[in-house]
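> Here is a sequence together with a model predicted from it:
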Amino acid sequence: MFLLMLLFLVSTVIGVSAAFDPNLPADQLQYFYNQFPRLAPLNYNFTADCWGFQNNCRQPYSNLSCNGDFSGWANSVAEAERVFDSAADFGYVRDRRRELNEYCTNVNGNGNKQQSSLRCSKHLQFCEGRNIVINLQDIKDKVYTENLRYKMDVLKPGDVTLNCDFDTERFSEDLDYMSPLQSWAPELRNIRESSSPMDSNTCDIIFTKPVIIMKLDAYVNMYHHFCDFLNLYISLFVRPVKDGRAMFSTDNQVIIWENYHYKSNFASMWSAFTDQPLLNLQNLAGKKICMRKVTFPLLPRMMYGLYYNTPLIPACQNSGLFTAFSQFILHRLQIPMQPIKRKIRVTLLARNTKYRRILNEDSLVKMLQNDYSVQLARFDHRTDFKKQLETIRNTDLLVGIHGAGLTHLLFLPSWAAVLELYNCGDPGCYSDLARLRGVKYATWEDDTKLRSEEADPRQPYKGLAHQKFMNYRFDEVEFKRIVDNLAEQIREDDRYTEAQNQQFSMNSEKEALKTERPEL
């Protein structure tokens, strides 16, 4: 016992401590410890590996590539890669960090621990601050009588206060994106200076844990809601932190900036970011809340944001930022990876909806059963989302018609492929998402080999929009041809071959062990 105490005292004196576990996927630990070397294990083998947003990063996490026709966007492969990196990879993080502007003057200049700080990127698309007060006393009745979602007048002037010399003129220049899901201008335009201390006399609630305030897109729709989660993840990198233990910490409080009770089939996603119950405006109405640290993350519908309506350079793919997000979520939600099979695993997403149903899905499945390991996935609000992710993580080829369910492609293995059976006149949506994730993609090309059937003759849509309100039958031979082409691309992928070889090697070792020791 005395020896253990002596070792503890010595390690404390010389600054040696146990390694910090950031709860990241194994292949991301190297990048974390290289960024925060003081948190690494003793005698750690540091490398030049870096996320990609740091200055002079030579060995980034990303493995993006540009091959094909990107004319009009770039004049060389190197330029195309820079464009893609800045728009959709860790270069996007780098650019947002470079934009950060402090609006409180003389921060820490007088050693006042009560002094506020507010740093934002351009157009107030991301902000983070210290010692900020938000007065929600005047919405005490509104939260029960009005829908405050996407409202820009939840707060009035003076409802947000900072204890600092605030540069109002410079701040006003960034109030140009006055839109609920494009910036934090609707809320932060109400900032005023105050010298009142943050204490129990001023505050009804003092959040000592870091606070994250979220404005959400439609959280019944996977495509839109995962814009929220992706931008929250990106914000963890944009937010400057001195102590690496805080970077991916779940010890924070998330506040949903609306008065509806949050209910979503994707609710388990929040456990990757916080270990606290979610709060909303109804929980806090009538109170003045004081926050020691607060983050206003990047938003889901920003101009030139990710990934909704992102103008994406053609012929470039495989964003390390999207790969990192995918692996982060699968790790934090503890989604298991099952043994790979000898046959390529095909999952066909069946829609339990009125529109865009695959009318001959059973025939399509039957067409593949001899050559592939096939399953029909009927995901809906009753299907546990972690079970959905387990299905997708263990899929090699994902098939589905245009719809939010194809957002599952974010969590496919790196060698996988996506067949969007029919894009319904919206060719860029999921082909771009597949490019961002770095998975293979194909869609139906011969319209003479599919047949559309009216789902509801009373629906009012015409033209391209009408295609999303039909149901479809697909030629089985053509379907098999497209699947076979994608399957061949998967087989030729070195990552798939390596995963197969590893699995078969493990199986061989197990069989050999059973021969030597039959009792096993």
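Arrived safely, thanks for sending. Keep in mind that this is a model prediction, so the values were computed, not measured.
> For the rest of this, base every contact and every neighbour count on C-alpha atoms.
Will do.
> Ignoring the adjacent residues along the chain, who's closest to E476?
L364 (6.0 Å; CA to CA, 6 or more residues apart in numbering).
> Double-check the one you found against F479; I have them as touching.
Yes: in this structure, L364 is within contact of F479 by CA atoms under 8 Å, at 7.4 Å.
> ok, back up a step: as a whole number, average confidence for the host helix or strand of the residue nearest to E476?
Per DSSP states H and E, L364 falls inside helix 361-368. For helix 361-368, mean pLDDT rounds to 96.
> sorry, back to before: give the contact list for the residue nearest to E476.
By CA atoms under 8 Å, 6 or more residues apart in numbering, the residues touching L364 are 476, 479-480.
> Tell me how far it lies from T353.
19 Å (CA to CA, to the nearest Å).
> so what's L376 closest to, chain neighbours aside?
L348 (5.0 Å).
> and C424, how many residues sit next to it?
19 (other CA atoms under 10 Å).
> that older thread, and the residue nearest to L376, bridged to which residues?
L376, V399 (DSSP bridges).
> give me the number of residues near it?
Around L348 there are 21 residues (other CA under 10 Å).
> Might one say that it is in contact with T395?
No: between L348 and T395 there is no contact under CA under 8 Å: 9.8 Å.
> Just give the closest residue to L359, not the sequence neighbours.
Nearest one to L359, counting by CA to CA, 6+ apart, is R473 at 5.3 Å.
> roughly how far apart are the residue nearest to L376 and Q375?
Taken as CA to CA, the span from L348 to Q375 is 6 Å.
> Need the overlap of contacts for those two.
V365.
> Going by neighbour count, list what's buried in stretch 294-308.
Residues of stretch 294-308 classed as buried: 294-303, 305-308 (neighbour count, 16 or more other CA atoms under 10 Å).
> Now do the strand or helix carrying V294: distance to the chain's middle.
Under the criterion of DSSP H and E, V294 resides in strand 288-296. Strand 288-296 sits 23 Å away from the centroid of its parent chain (CA atoms, centre = their mean, to the nearest Å).
> per-residue confidence for the residue positioned nearest the centre of the chain?
Centroid-nearest residue in the chain, with CA atoms, centre = their mean: L230, separated by 1.9 Å. Looking at L230, its pLDDT is 98.
> Now it: which helix or strand?
Residue-wise, L230 maps onto helix 222-238 under DSSP H and E.
> Just the pLDDT for the closest residue to V77 other than its chain neighbours.
Counting by CA to CA, 6+ apart, the nearest residue to V77 once its immediate chain neighbours are dropped is C66, at 6.2 Å. For C66, the model assigns a pLDDT of 97.
> Number of residues surrounding C66?
Count around C66 with other CA under 10 Å applied: 20.
> Return the distance of it relative to E81.
From C66 over to E81 (counting by CA to CA), the distance is 6 Å.
> what touches both of these two?
With CA under 8 Å, 6+ apart, C66 and E81 have common neighbours C316.
> what mean pLDDT does the strand holding V294 have?
pLDDT averaged over strand 288-296 gives 98.
> Tell me which strands that strand pairs with, and in which orientation.
strand 127-135 (antiparallel), strand 205-207 (parallel), strand 211-214 (parallel).
> quick one, which of those strands is nearest to L279?
Taking CA to CA, strand 211-214 is the member of the strands paired with strand 288-296 nearest to L279, at 9.5 Å.
> which outside residues touch that closest one?
Strand 211-214 has contacts (CA under 8 Å, 6+ apart) with 252-257, 291, 293-297.
> same check, this time on stretch 123-134
114-121, 159-163, 174-177, 182-185, 198, 235, 239, 288-299, 302.
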